[in-house]
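Student: Mind folding the following:
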Amino acid sequence: MYVYLGIDVGSVSTNLVAAGEDGAVKHSIYLRTNGRPIKTVQKGLKLMQKSLPPGSKVAGVGATGSGRQLAGVITGADVIKNEITTHAIAASHVAPGVQTILEIGGQDSKIIILRHGVVSDFAMNTVCAAGTGSFLDQQAARLTLPIEEFGPLALQSKVPVQIAGRCAVFAESDMIHKQQMGYNIPDILAGLCAALVRNYLNNVGKGKEILAPVVFQGGVAANAGMKWAFEKALGLEVIIPPYFNVMGALGAAMLARESTNRKQTNFRGFQIAEGDYYSGGFACDGCSNVCEVVEIKEGAQVIARWGDRCGRWSNAPEQEEKIS
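Tutor: As a prediction, this is how the structure comes out:
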């Protein structure tokens with residue numbers, strides 16, 4: 001059986017998907033990155049190898065996410081694409097005709113507008129943490145609630161309270177104030193969800209024409225309270241796909257399938273899960289740009305560098321010695 005691997009390395013989670021030739025997900029893995037992307041990718045590959053049926057052959061690998069270059073170098077990815085492209089590809093596959101993608105991850109959020117199957121516009125918010133998975137995790141922990149109970153509790157609300165949601169700091173302060181005033185937890189949680197959706201639509205979605213079908217993906221899509229708040233604010237049904245939390249990885253796998261089509265893959269094999277890889281960097285003083293160059297080593301050997309504008313380091317990492 002031929003499978004195509006998609007790897008999405010984000011700041012909070014690292015996701016892997018093995019998709020068949022028909023695009024169906026054979027297995028998916030969701031891991032916390034914990035600030036160690038290389039180790040997490042290796043752990044994910046070990047788990048994936050054990051989960052695939054005997055005789056499965058990896059026919060292509062795609063990488064995406066903020067750590068896509070790193071994952072691509074280590075695994076020998078056949079295609080490396082940004083999150084906008086991979087999320088759009090995956091959403092179009094699971095929800096044909098989708099016109100709006102709402103995506104909220106651990107530390108950022110984005111909106112993708114598609115028309116006739118093509119990305120026509122998008123916006124990202126990486127400045128404010130309000131509404132992201134990390135912020136919701138933090139608030140659940142502060143209330144001593146398992147994050148899995150956040151959404152169901154919010155749906156029990158009778159009269160959601162007004163929460164200031166334009167900033168994570170203000171939202172938390174307002175939540176504490178409302179608690180001290182005596183409001184119950186479900187009403188506060190529902191009010192927070194509504195506030196975060198307003199923040200998203202007024203910032204990330206500002207000026208965007210949001211048309212149905214609307215797909216909500218990313219880890220925050222697991223929160224039923226956020227889905228309710230989006231549907232209430234938009235007056236539209238919001239679709240949550242089956243693999244909402246690994247859609248970037250699914251899109252990367254599908255792009256790998258298109259790129260290789262059973263031809264020779266650059267995948268270096270599952271044995272890389274046992275390799276010794278190190279990441280580092282340095283500032284090049286070759287010119288006034290002072291580029292910050294990232295380098296990846298396998299053992300003592302530099303296998304890749306990137307980040308320079310002129311290509312001095314990225315074009316021939318093995319022929320140059322690092323500037324001291």
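Student: Where do the helices of the stretch 1-150 of the chain begin and end?
Tutor: For the stretch 1-150 of the chain, the helices defined by DSSP state H, counting those that start in this stretch occupy 37-51, 68-75, 83-94, 133-142, 147-154.
Student: in the first one, what counts as buried?
Tutor: For helix 37-51, the buried set under the neighbour-count rule, 16 or more other Cβ atoms under 10 Å, comprises 37-38, 40-45, 48. Heads up, the C-betas are built off the backbone N, CA and C, glycines and all.
Student: Dump the residues you listed to TSV, plus pLDDT and distance to G307.
Tutor: Putting the buried residues of helix 37-51 into TSV (pLDDT from 0 to 100; distance: Cβ to Cβ, whole Å) gives the following:
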residue	pLDDT	distance to G307
P37	93	16
I38	94	17
T40	96	21
V41	96	19
Q42	96	23
K43	97	26
G44	97	25
L45	97	25
M48	97	29
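Student: pretty sure Q139 contacts D174?
Tutor: No: Q139 is beyond contact range of D174, at 11.3 Å (criterion: Cβ atoms under 8 Å).
Student: any chance you could map the strands in this structure?
Tutor: Remark: strands assigned in the chain by DSSP state E are 2-9, 13-19, 25-32, 57-64, 79-80, 100-104, 109-115, 118-125, 214-217, 238-239, 277-283, 292-298, 301-306.
Student: OK, contacts around the closest residue in space to A59 that isn't next to it in sequence?
Tutor: For A59, ignoring the flanking residues on the chain, the nearest one in space by Cβ to Cβ, 6 or more residues apart in numbering is Y2 at 4.3 Å. Neighbouring residues of Y2 by Cβ atoms under 8 Å, 6 or more residues apart in numbering: 20-21, 56-57, 59, 262.
Student: cool, A91 as well?
Tutor: A91 sits next to 98, 101, 112, 114, 215, 217, 241, 247, 251 when contact means Cβ under 8 Å, 6+ apart.
Student: and if we set it to 7 Å?
Tutor: 98, 101, 215, 217, 247 (Cβ atoms under 7 Å, 6 or more residues apart in numbering).
Student: Would you quantify the distance from the last one to L236?
Tutor: Which is M247. M247 sits 19 Å away from L236 when distances are taken as Cβ to Cβ, to the nearest Å.
Student: of these two, who's got more company?
Tutor: Per other Cβ atoms under 10 Å, whichever of M247 and L236 has more neighbours is M247, with 31 against 15.
Student: Please verify my assumption that the more buried one contacts H87.
Tutor: Yes: contact criterion Cβ atoms under 7 Å: M247 and H87 qualify, at 5.5 Å.
Student: Pipe the strands of the chain into JSON lines and attach distance to V94 and mean pLDDT per row.
Tutor: What follows is the strands of the chain, written out as JSON lines (distance: least, Cβ to Cβ, whole Å; pLDDT from 0 to 100):
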{"stretch": "strand 2-9", "distance to V94": "14", "mean pLDDT": "96"}
{"stretch": "strand 13-19", "distance to V94": "11", "mean pLDDT": "95"}
{"stretch": "strand 25-32", "distance to V94": "9", "mean pLDDT": "94"}
{"stretch": "strand 57-64", "distance to V94": "16", "mean pLDDT": "96"}
{"stretch": "strand 79-80", "distance to V94": "20", "mean pLDDT": "96"}
{"stretch": "strand 100-104", "distance to V94": "11", "mean pLDDT": "95"}
{"stretch": "strand 109-115", "distance to V94": "13", "mean pLDDT": "95"}
{"stretch": "strand 118-125", "distance to V94": "16", "mean pLDDT": "93"}
{"stretch": "strand 214-217", "distance to V94": "8", "mean pLDDT": "97"}
{"stretch": "strand 238-239", "distance to V94": "9", "mean pLDDT": "97"}
{"stretch": "strand 277-283", "distance to V94": "33", "mean pLDDT": "88"}
{"stretch": "strand 292-298", "distance to V94": "33", "mean pLDDT": "89"}
{"stretch": "strand 301-306", "distance to V94": "32", "mean pLDDT": "87"}
